[in-house]
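[1] Predicted model, plus sequence, below.
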Amino acid sequence: MARSANITEGSIIKPLLYFFFPILLGTFFQQLYNTVDALIVGNFLGKEALAAVGGTTSTYLNLFVGFFVGLSSGVTVLISQYYGSNNYEKISKTVHTAITLAIVIGIFLSIVGIMTARSSLIFLNVPYQILDMSLDYINIYFVGLFVMLVYNMGCAILRAVGDSKHPLYFLIVSCIINIILDILFVYNFNMGVKGAAIATVIAQVAAAALVIMSLHRSEDALRFRFKELHLDLSIAKNIFLIGFPAAIESVLYTISNLVIATKINDFGVDVIAANTAYGKIDAIFWMTLQAFSISITTFVGQNFGAGRLDRVKKGINRWFGISMLTSVIFSILMCVFSAPLLAIFNSDPGVIAIGQNIVLWIAPFWFTYVPIELISGSLRGMGNTLVPTVVTAVGIIGLRLGWIFLMPDLDLHLIFMVYPVTWSVTSLILLVYYYSGLYQKNTINLVSK
């Protein structure tokens, strides 16, 4: 397989880093991609427009995208285990079933999203003065949702066999297109938030086309042919077996964040705008952690499929240490440079001051989230997704909802403190579960199924 990388032999850290850095660069461009809308809208259209495309609107969109990204993790695990055991016939069937699922589920979610957008945003307490702008942005976004899902599924396929470079290249091209069109539509053509949404959709269409072309031109088991699109029920079952718990976990995360967002909305547009600006910077850290998680999932999946359990344990321990060090560095940088970073999105002194408070309440505790991402990613590689989902549901979602609804005199500080508290509890549970060896009872070797 020409573009793939077998990481079941030799050094542990070197192939992990080789796989990780393109994903890390991809996270940068992904964040740049997502940030451009907020940056241009916030500076050219004002804080109301910034609040309209960020805050609750952004979190609501993540409900749909996050579900599918979680589901696509089932494809990553499945293909990585098949690749580790050299089962190329099953890889080919998985590729075509995965793309079929992306198209079907994507179109379904697009329809549901458009039909429920207004009622959902009203229910989520989006302020009336930004409701129409939020709907303008969200409806256009939903029109192009299915191509975004095709792109994400294609990237999951490529990364499963160790190809993290091509997804990076496609993302860079898409990012450049988005930046150019954002400036053109929002600034030159005065299309407002609609222009930002249209630019995003067009850029995602380009990314999806590139990933499909890449798979189509492949000369190995990854080769995609339109005439072979089909739904292999046994493959689809395994994709859902692994991916559905991760998808539900993502949905539960987003629901809890939406509940928090509705509380934040009570504090007005300045707080929403500050939280949006913080979220765009904050996302760099989360997407870096996600890159760590994707890397370890592929590493564990290939080695678990090949029966190399010794490499699995060593890889997890070493990658965990590197991830913790990275999180501490990110926290320090964020706290030191919070003011100029926030000012990039909006120069309003009130917005910046609120944003700086949010940084101090959350960023120093980022390290407490690392075990959640790394242990969950490792367990997914071994086919164990149900337990991490249950732990997350109880430790994060359950505790967050209890905190928000039962905590008396909930001020802004207490709302944001819910994040480090729930990260700490959930991380502790997952660490005990993994290092006690209990996880071994729930692993699934899909190669033998």
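    Sure, I can see it.
[2] burial of Leu406, as a residue count?
    8 (other CB atoms under 10 Å). Heads up, the C-betas are built off the backbone N, CA and C, glycines and all.
[3] Would you mind stating the distance between it and Arg400?
    Leu406 sits 11 Å away from Arg400, going by CB to CB, to the nearest Å.
[4] where along the stretch 301-449 of the chain do the helices fall?
    309-336, 338-343, 349-362, 370-381, 386-392, 399-406, 412-435 (DSSP state H, counting those that start in this stretch).
[5] elements contacting the third one?
    Meaning helix 349-362. helix 269-305, helix 309-336, helix 338-343, helix 412-435 (3 or more CB pairs under 8 Å, 6 or more residues apart in numbering; DSSP states H and E).
[6] buried stuff in that helix?
    Residues of helix 349-362 classed as buried: Val351, Ile352, Ile354, Gly355, Gln356, Asn357, Ile358, Val359, Trp361, Ile362 (neighbour count, 16 or more other CB atoms under 10 Å).
[7] Make a markdown table from the helices of the stretch 301-449 of the chain and add mean pLDDT to it.
    Shown next, in a markdown table, are the helices of the stretch 301-449 of the chain (pLDDT from 0 to 100):
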| stretch | mean pLDDT |
| --- | --- |
| helix 309-336 | 92 |
| helix 338-343 | 89 |
| helix 349-362 | 91 |
| helix 370-381 | 90 |
| helix 386-392 | 86 |
| helix 399-406 | 88 |
| helix 412-435 | 92 |
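[8] Tyr151: which of the ones you listed is closest?
    helix 370-381 (20.7 Å; CB to CB).
[9] can you pull the buried residues of the closest one?
    In helix 370-381, the ones that count as buried by 16+ other CB under 10 Å are Val370, Pro371, Ile372, Glu373, Leu374, Ile375, Ser376, Gly377, Ser378, Leu379, Arg380, Gly381.
[10] With distance to Val391 added, can I get these in a markdown table?
    Shown next, in a markdown table, are the buried residues of helix 370-381 (distance: CB to CB, whole Å):
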| residue | distance to Val391 |
| --- | --- |
| Val370 | 15 |
| Pro371 | 11 |
| Ile372 | 9 |
| Glu373 | 13 |
| Leu374 | 14 |
| Ile375 | 9 |
| Ser376 | 9 |
| Gly377 | 14 |
| Ser378 | 14 |
| Leu379 | 10 |
| Arg380 | 13 |
| Gly381 | 17 |
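[11] just curious, which of the residues you listed is nearest to Ala247?
    Closest to Ala247, out of all of the buried residues of helix 370-381 and judged by CB to CB, is Arg380, at 11.7 Å.
[12] For Lys314, see how far away the spatially closest residue to Gly381 that is not a sequence neighbour is.
    Sequence neighbours aside, Val300 is the residue nearest to Gly381 in space, at 2.9 Å (criterion: CB to CB, 6 or more residues apart in numbering). Look at Val300 and Lys314: by CB to CB, they are 11 Å apart.
[13] likewise Phe29?
    Phe29 is 31 Å from Lys314, by CB to CB.
[14] Compare those two and say which one has the larger neighbour count.
    Applying other CB under 10 Å to Phe29 and Lys314 shows that Phe29 carries more neighbours, namely 20 against 14.
[15] Now do the contacts for the more buried one.
    Leu168, Leu171, Ile172, Cys175 (CB atoms under 8 Å, 6 or more residues apart in numbering).
[16] top of the residues you listed by neighbour count?
    Neighbour tally across these (other CB under 10 Å): the maximum, 25 neighbours, falls on Leu171.
[17] Past the helix or strand harbouring it, which element shows up next along the chain?
    Per DSSP states H and E, Leu171 falls inside helix 165-182. Once the chain leaves helix 165-182, the next helix or strand it forms, by DSSP H and E, is helix 192-217.
[18] tell me the contacts of Phe416?
    Counting by CB under 8 Å, 6+ apart, Phe416 has contacts Ile358, Trp361, Ile362.
[19] What is the nearest of the residues you listed to Leu215?
    Using CB to CB, the contacts of Phe416 come closest to Leu215 at Ile362, 38.8 Å.
[20] wait, isn't that closest one in contact with Tyr419?
    Yes - if you go by CB atoms under 8 Å, Ile362 and Tyr419 touch, sitting 5.5 Å apart.
[21] Out of the buried residues of helix 370-381, which is nearest to Tyr439?
    Leu379 (5.9 Å).
[22] What residue, apart from its backbone neighbours, is nearest the closest one spatially?
    Pro388 (5.4 Å).
[23] how many neighbours does that neighbour have?
    26.
[24] mind listing what it touches?
    Pro245, Glu249, Ile375, Ser376, Leu379, Arg380, Leu430.
[25] sec struct for Phe224, please.
    coil (DSSP: H, G, I helix; E, B strand; the rest coil).
[26] residue contacts, it?
    Taking CB under 8 Å, 6+ apart as the test, what Phe224 contacts is Val95, His96, Ile99, Ile212, Leu215, His216, Ser218.
[27] Mind doing that once more with 6 Å?
    Val95, Leu215, His216 (CB atoms under 6 Å, 6 or more residues apart in numbering).
[28] Including neighbour count, pLDDT and distance to Gly162, could the residues you listed go into TSV?
    TSV is the format used below for the contacts of Phe224 (neighbours: other CB atoms under 10 Å; pLDDT from 0 to 100; distance: CB to CB, whole Å):
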residue	neighbour count	pLDDT	distance to Gly162
Val95	26	93	15
Leu215	19	92	15
His216	12	90	20
